[in-house]
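1. starting from these lines, generate the structure:
(2 chains)
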Amino acid sequence: GQNIDQPTEMTATEGAIVQINCTYQTSGFNGLFWYQQHAGEAPTFLSYNVLDGLEEKGRFSSFLSRSKGYSYLLLKELQMKDSASYLCAVESAGGYNKLIFGAGTRLAVHP
Amino acid sequence: EAQVTQNPRYLITVTGKKLTVTCSQNMNHEYMSWYRQDPGLGLRQIYYSMNVEVTDKGDVPEGYKVSRKEKRNFPLILESPSPNQTSLYFCASSPIATKTRLSEQYFGPGTRLTVT
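-> Residues are numbered from 1 along each chain as shown, chains lettered A, B, ... in the order given. This next block holds a predicted model:
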């Protein structure tokens, strides 16, 4: 089967660093996406990992280990506006061009 | 402005009454997709389209139909809606990075559908 696991909820303090983990088991693998979704809004793209390693983009970084079926999203210098859900999504391979999403991690940032 | 639009944004309907949710993008993207989002289940793909006249089932296609007659439009059709189709629906589009890889998806604002 295909499965993507993320923690349901996390809390963190403004200014701190938080790591959101994602583990996956899918039929083939083309790449892994992270999206941010504020309550009542559409998801917006954060990052895309194809190869193993760390991709850094400002305060956000994303890591991928294909051999372990594992990724994490690292958020630094947390701000109140980072309170949102973070969605991990895997693009399955084999010509399907399908995106499989995890249920999302709801992050609450407190002062 | 580059965007994906959906209409209507909110809809309350009754069981069995056919409805269509429209989706349009102005970015000339090849790939378009429909998702539903339910609490605790995340986004689940209903149908997707790689290009005009090319559509395929996602993970939860039962009870839905789609068509892709033009590149910019990808309507979602519920022939006979049922209460279990009450959900938040998102349309998305993206360019295709390569023949086998997607690129980032751009999501519409969502359509909240209630079927009574």
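2. what about the nearest residue to A:Phe45 once chain neighbours are set aside, how many residues nearby?
-> Spatially, and ignoring its direct neighbours in sequence, A:Phe45 is nearest to B:Glu104 (3.9 Å; C-beta to C-beta, 6 or more residues apart in numbering or on different chains). C-beta here means a position set from N, CA and C on the backbone, and glycine is covered the same way. The local packing of B:Glu104 (other C-beta atoms under 10 Å in any protein chain shown) involves 15 other residues.
3. pLDDT weak spots in chain A?
-> By pLDDT under 70, the weakly predicted segments of chain A are A:1, A:94-97.
4. and chain B, which residues reach chain A?
-> Residues of chain B found near chain A, taking C-beta under 8 Å from any C-beta of the partner chain as the criterion, are B:31, B:33, B:35, B:40-45, B:48, B:50, B:56, B:58-59, B:90, B:96, B:100-110.
5. of those residues, buried ones?
-> Buried residues within those, defined by neighbour count using 16 or more other C-beta atoms under 10 Å in any protein chain shown: B:31, B:33, B:35, B:42-45, B:48, B:50, B:56, B:58-59, B:90, B:102-103, B:105-108, B:110.
6. in strands, which of the residues you listed appear?
-> Among those, the ones falling in strands (DSSP state E) are B:31, B:33, B:35, B:42-45, B:48, B:50, B:56, B:90, B:106-107.
7. how about these in TSV, adding pLDDT and distance to A:Val50?
-> TSV is the format used below for those (pLDDT from 0 to 100; distance: C-beta to C-beta, whole Å):
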residue	pLDDT	distance to A:Val50
B:Tyr31	91	17
B:Ser33	94	20
B:Tyr35	97	22
B:Gly42	87	22
B:Leu43	93	21
B:Arg44	94	23
B:Gln45	92	20
B:Tyr48	92	20
B:Met50	87	19
B:Asp56	90	23
B:Phe90	98	24
B:Tyr106	94	19
B:Phe107	96	21
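8. from these, which two are the most distant?
-> B:Gly42 and B:Met50 (22.9 Å; C-beta to C-beta).
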